[in-house]
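Student: Got a sequence here, can you model it:
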Amino acid sequence: ITVFLREGLYLQSETLVFGLDDSPADPYKVTYSNFKEEEVVISSGIPLTTWEKVLDDPEYTPDITRGNLWVADLPEGIRELRVMYKDGKMLPRAKGKPWSPVPPPPESEVRLADSRNVYYNADRYRLRMVKYRNAEMRSWDNPEDIEVVFNPVPWNMMIIPLESVDTENKVAWLKNEANRQPGTKDPHHAPAFVFIENAIDVLDEPGEWCVNTQERKIYYWPEEEEPGDKITAPALVELIRVEGEVYPDLAHDVPAANIHFKGLTFTQTNRASWYKNRKGWGIQHDWDTYDHSNAMLRFRGAEHCSVQACHFVQGGGSGIRLDLHAQHITIQNNLIEYVGHMGILLCGYGPGTKDVNRNNTIHNNILHHTGELVWHGHAIFVWQSGHNTIS
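Tutor: Sure, this is the predicted structure:
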């Protein structure tokens, strides 16, 4: 069965899930394809059309920005907004100047593990401490909107929301643990940096924006005289998911199967964030998150599926994920570009469990400009997955 989609924009407010009921039995298959050469665009970008000129600038607005701000309401249904688009391209979020963190206590006081994480559970609170001297920090009313960006190891970038700021002792407390103490001297001698994003305090260049979810307001300094009518806010991180029944503690899963995608464009998604208790469930060095919905198209418990001649562009997260049980899936002749994290990720169950992420084919794809937001995002990343053909 081929389901043809006619030309146009298919705007989604919730993830479209294909499961066991949508899986034809062998030897049949169902293909979702564009019709002839028509362009089919699947997106979650909600148009922002309620822009108004700000007459009374918020407190802490930089002097250079005053008189230039516009404001719009955060659309219904969007709880967090980390990416915004204009003319289909990402707009830069308000970003502070990088600064060097104050180093944590020496190892004689806080013992480190071989991974450079803290050795004792009693010291884990230090993974949430960011000490500062003269940085752009204050006690915000909306701390969880403010994200701290830093590199606790030279090959890894953390983007973690704030919980609070102790201005008296000059300590910023992160909402979630990092993978090591911010500011720890690294054996590779990479310079450590820290900066904040999404605060009105650092919205100081044309084209930048920030959001205050407490007020449910988006602030934007347009490069032109007015914002225009082509700005969108993404409602989703994940557009489509093919998902069977996965059982981490049992010997067998029940995969969805025989579902194929061809000639479709996926675009305009949000970026996922760290969440409580994420630590310990990251993929090697926290390059990504285990079993997480942060890609435009995701296979989770699936077999005998394919993605061919599709275009993944301008997404806040990754392009494609093959999670847990994923076998005989072909990803071929696709273009993946300008995505926030990974291009293609294969992520199995992990050591000592089930070896069921395997026998997949990734062939003849063009991938460029991955890691646009999460700088350590790779074109193709394979973790606990084997017997694949990547060519």
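Student: low-confidence ranges in this structure?
Tutor: Residues of the chain that meet the criterion pLDDT under 70 lie in 185-190, 277-280.
Student: burial count for residue 284?
Tutor: Look at residue 284: counted by other C-beta atoms under 10 Å, it has 10 neighbours. Any C-beta I mention is one placed from the backbone N, CA and C, and that applies to glycine too.
Student: can you give me the strands for the stretch 151-300 of the chain?
Tutor: Using DSSP state E, counting those that start in this stretch, the strands of the stretch 151-300 of the chain run over 156-166, 171-174, 194-197, 209-212, 217-220, 231-234, 240-243, 256-257, 259-262, 264-267, 282-283, 288-289, 295-303.
Student: As a markdown table, those with distance to residue 26 and mean neighbour count would be great.
Tutor: Below are the strands of the stretch 151-300 of the chain laid out as a markdown table (distance: least, C-beta to C-beta, whole Å; neighbours: other C-beta atoms under 10 Å):
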| stretch | distance to residue 26 | mean neighbour count |
| --- | --- | --- |
| strand 156-166 | 42 | 19 |
| strand 171-174 | 49 | 20 |
| strand 194-197 | 48 | 22 |
| strand 209-212 | 47 | 24 |
| strand 217-220 | 49 | 22 |
| strand 231-234 | 36 | 24 |
| strand 240-243 | 16 | 22 |
| strand 256-257 | 8 | 24 |
| strand 259-262 | 13 | 20 |
| strand 264-267 | 24 | 23 |
| strand 282-283 | 32 | 17 |
| strand 288-289 | 32 | 22 |
| strand 295-303 | 10 | 27 |
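Student: Which of these sits closest to residue 150?
Tutor: Of all the strands of the stretch 151-300 of the chain, strand 194-197 sits nearest to residue 150, with 4.3 Å by C-beta to C-beta.
Student: who does that closest one touch, helix- and strand-wise?
Tutor: Packed against strand 194-197, as judged by 3 or more C-beta pairs under 8 Å, 6 or more residues apart in numbering; DSSP states H and E, are the following elements: strand 147-153.
Student: Direction included, what does the strand it packs on pair up with?
Tutor: Paired with strand 147-153 in the same sheet, following DSSP bridges, are strand 156-166 (antiparallel), strand 194-197 (antiparallel).
Student: ok, residues contacting the longest one?
Tutor: By that I understand strand 156-166. 128, 137-140, 143-152, 171-176, 178-179, 182, 196-197, 273-274, 285-287, 373-376 (C-beta atoms under 8 Å, 6 or more residues apart in numbering).
Student: Same check on stretch 6-25?
Tutor: With C-beta under 8 Å, 6+ apart as the test, stretch 6-25 has contacts from 1, 30, 34-35, 38-46, 77, 235-236, 238-245, 254, 256-259, 293.
Student: From the residues you listed, list the buried ones, please.
Tutor: 34, 40-46, 235-236, 238-244, 256-259, 293 (16 or more other C-beta atoms under 10 Å).
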